[in-house]
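Visitor: for reference, the sequence and a predicted model appear below.
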There are 2 protein chains.
Amino acid sequence: MTRAPRFTRTVAALPATVPFVGSDTLERRMGRPFAARLGANESRFGPSPRAVEAMVQAAPDAWMYGDAESYDLRQALAKLHNIDAEAIVMGSGIDGLLGLLVRLLVEPGDPVVTSDGAYPTFTYHVAANGGALHKVPYAGDHEDPDALIAKARETRAKLVYIANPDNPMGSWHSAATIARMIAALPDDCMLALDEAYIELAPAGAEPLFDTSDPRVIRFRTFSKAHGLAGLRLAYAIGAPSTIAMFDRIRDHFGVTRIAQAAGLASLRDVEWLHHVKTRVAAARAELSEIATAHGLRTLPSATNFVAIDCGGDGDRARAVLAGLQGRGVFVRMPGVAPLDRCIRVSCGLPEDHALFDAALGETLREIDGG
Amino acid sequence: MTRAPRFTRTVAALPATVPFVGSDTLERRMGRPFAARLGANESRFGPSPRAVEAMVQAAPDAWMYGDAESYDLRQALAKLHNIDAEAIVMGSGIDGLLGLLVRLLVEPGDPVVTSDGAYPTFTYHVAANGGALHKVPYAGDHEDPDALIAKARETRAKLVYIANPDNPMGSWHSAATIARMIAALPDDCMLALDEAYIELAPAGAEPLFDTSDPRVIRFRTFSKAHGLAGLRLAYAIGAPSTIAMFDRIRDHFGVTRIAQAAGLASLRDVEWLHHVKTRVAAARAELSEIATAHGLRTLPSATNFVAIDCGGDGDRARAVLAGLQGRGVFVRMPGVAPLDRCIRVSCGLPEDHALFDAALGETLREIDGG
């Protein structure tokens, strides 16, 4: 007999694709580093100096396992959000937490609803568990809460996903719209509300927390406004009965000790968060000015990136993206039409924007002639 | 209708237990920290100073996602082990990698074989996926390769687990014994060989790597000899065709940037690893002397801990453990008879051992009178 492990039917049927090719991988393929790193919606303004100091202090203690309960950090988050700590579970980034949520709910064939063009890592986790994905189109440049709920009802979905603010378009819904979506949610359907960018959104996008509702789970991260993407630190907020289910399957010691220390320090540095918000707002305006100067339109953004409409179809945007990357400027773009008329540019430092400006000009001249 | 998400049947049936109650949790329950932390087989000798320096250097870069391929670290490991980098996948500790392996193979009801009393986190992951666990007893203080293979054949197991060296007993098998076990493995069964402590074992416990065999996957970690438990960094080695399957379900950005930097620095600090091995050997001898002085027998150990036979049954060992913990000395013990006649004490610094010595003396006097 041939030596062959028996992988599950679901795994055996999966493609070998990955949700995102990392910037480091792209750099190795090119043979050189990017001059401007504006593709992964990282916080170019960096982590809080107090978080950096906490990491430095924690480094010699790396021989100790971290606290499996992330007790101090969860207490601080509970205070910040005025909820019970039992309503919070920490995880290795929203990616890790979404993976756990899907495993809690989805058996092979179970229906799950998301938007066509929304976060690919969510889709990846659903596929990894054999879920049956049902997608609805965006309404313009926004995810469509009504269509998502209608599809959830139609398919009897166990789980529906929405991001507010949205990635990759940067658009957002009001708290009232999200609250209406929750009110319309079927009683036996879970809503995953991904709020990775919420700290960077205008006031009024954040519904009140209701941790009495076992059907709503909200995701927050230290990767974006807090500038700690490389540490993998995020949390989910939900009803304690829902949150407790994570303890049945999660890797209890999976959140690093150093991340817990840095997260706590970052939470306490309110001034830094304010500083980052200010810088992000200015950077969004600057990216918009650059695009406008090149004859392109930008979409309003509630995030640390700006979607720029390249004024054509997906092929045109892909050509712009290739031109930028070839000139050392790392950006990404949405994967499906009609969103893929845009490129997605992360907020950067003035020097990053200058490189983007120059590369965009050269690229457009190359594409359009002249 | 009641608001209730529909968790999977497997998850709904799981207990709310956790594989290990963490030392931080125990300390919160007691209301004070442990004076000696000898229960989690952490490396009390700490991480390499070069690894600490790498963490300090990497801290300001925490705003960037880590390399999803851990390219540099995998290249260094490939060179160290003289294998291809495609035979290596990094993960968030062996715990995280074992969880992925189980998900790759185990559907509800699928048979899995392990030893009764072996690593609880493996058992936890099997339960989380609905696997049917079949356990064989230890042979004396060793896991029993022959019994494991026989049970795998009998149950048509998809997966069989063994640790070499073993946790919680500290015993080990020769490379020849493990090689014979591999030779006897059914063609369609995967062997998970957990080598978390292998750097601390005597020469001759480590079989040659054969990455042409898709049925064998070996686990290594930076948590033990390298003293980086708090960073969650480990790797699996196997046939590239087996390793590639992890890419279908793993959290691609889940290994932190700072862990990758520290791991690479630690690998390069060969002197530190040698230093730790020397310290561990001396600490094992010292723990053995302490136990002997109190009239107890220690088991030979190939790890950074020593199993101490308390000279009675599980109740006696549990009383010793409780007496030690009550005196501020954190240790653990095996969970099943007859292994549970022992406590498991991690190698510590001289001051830790002095606290253990004193607490053990007081505890035994309390239990035995006199």
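Guide: Sure thing, it's come through.

Visitor: from now on I want contacts and neighbour counts done on CA atoms only, so please keep to that.
Guide: Fine.

Visitor: only C-alpha atoms, please: export the helix or strand hosting A:Leu273 in PDB.
Guide: Using DSSP states H and E, A:Leu273 maps to helix A:270-293. Taking Å, rounded to 0.1, in the frame of the first residue of the first chain, the C-alpha atoms of helix A:270-293 are listed here in PDB:
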ATOM      1  CA  VAL A 270      -4.500  57.500  25.200                       C
ATOM      2  CA  GLU A 271      -2.500  60.400  23.800                       C
ATOM      3  CA  TRP A 272      -0.800  58.100  21.300                       C
ATOM      4  CA  LEU A 273      -4.100  56.900  20.000                       C
ATOM      5  CA  HIS A 274      -5.200  60.400  19.600                       C
ATOM      6  CA  HIS A 275      -2.000  61.300  17.800                       C
ATOM      7  CA  VAL A 276      -2.400  58.400  15.400                       C
ATOM      8  CA  LYS A 277      -6.000  59.400  14.600                       C
ATOM      9  CA  THR A 278      -4.800  62.900  13.800                       C
ATOM     10  CA  ARG A 279      -2.000  61.600  11.600                       C
ATOM     11  CA  VAL A 280      -4.400  59.200   9.800                       C
ATOM     12  CA  ALA A 281      -6.900  61.900   9.100                       C
ATOM     13  CA  ALA A 282      -4.200  64.100   7.700                       C
ATOM     14  CA  ALA A 283      -2.700  61.300   5.600                       C
ATOM     15  CA  ARG A 284      -6.100  60.400   4.200                       C
ATOM     16  CA  ALA A 285      -6.500  64.000   3.100                       C
ATOM     17  CA  GLU A 286      -3.000  64.000   1.600                       C
ATOM     18  CA  LEU A 287      -3.600  60.800  -0.400                       C
ATOM     19  CA  SER A 288      -6.900  62.300  -1.700                       C
ATOM     20  CA  GLU A 289      -5.000  65.400  -2.800                       C
ATOM     21  CA  ILE A 290      -2.400  63.300  -4.600                       C
ATOM     22  CA  ALA A 291      -5.000  61.200  -6.400                       C
ATOM     23  CA  THR A 292      -7.000  64.300  -7.400                       C
ATOM     24  CA  ALA A 293      -3.900  66.000  -8.700                       C
END
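
Visitor: and the helix or strand following it, average pLDDT?
Guide: Later in the chain than helix A:270-293, the nearest helix or strand by DSSP H and E is strand A:297-298. Mean pLDDT, computed over strand A:297-298, is 98.

Visitor: same thing with stretch A:39-52?
Guide: Mean pLDDT, computed over stretch A:39-52, is 98.

Visitor: next one: stretch A:260-272
Guide: If you average the pLDDT values across stretch A:260-272, you get 98.

Visitor: for that stretch, buried residues please.
Guide: Taking 16 or more other C-alpha atoms under 10 Å in any protein chain shown as the basis for neighbour counts, the residues of stretch A:260-272 that come out buried are A:Gln260, A:Ala261, A:Ala262, A:Gly263, A:Leu264, A:Ala265, A:Ser266, A:Leu267, A:Arg268, A:Asp269, A:Trp272.

Visitor: my read is the fifth one is in a helix, agree?
Guide: Right, the one you point to is A:Leu264. Yes: the assignment for A:Leu264 (DSSP: H, G, I helix; E, B strand; the rest coil) places it in a helix.

Visitor: how about the contacts made by it?
Guide: The contact partners of A:Leu264, by C-alpha atoms under 8 Å, 6 or more residues apart in numbering or on different chains, come to A:Ala51, A:Asp72, A:Leu73, A:Ala76.

Visitor: returning to what we had before: can I get the buried residues of stretch A:260-272 in TSV with distance to B:Pro334?
Guide: Below are the buried residues of stretch A:260-272 laid out as TSV (distance: C-alpha to C-alpha, whole Å):
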residue	distance to B:Pro334
A:Gln260	29
A:Ala261	31
A:Ala262	34
A:Gly263	35
A:Leu264	35
A:Ala265	37
A:Ser266	39
A:Leu267	39
A:Arg268	41
A:Asp269	43
A:Trp272	47
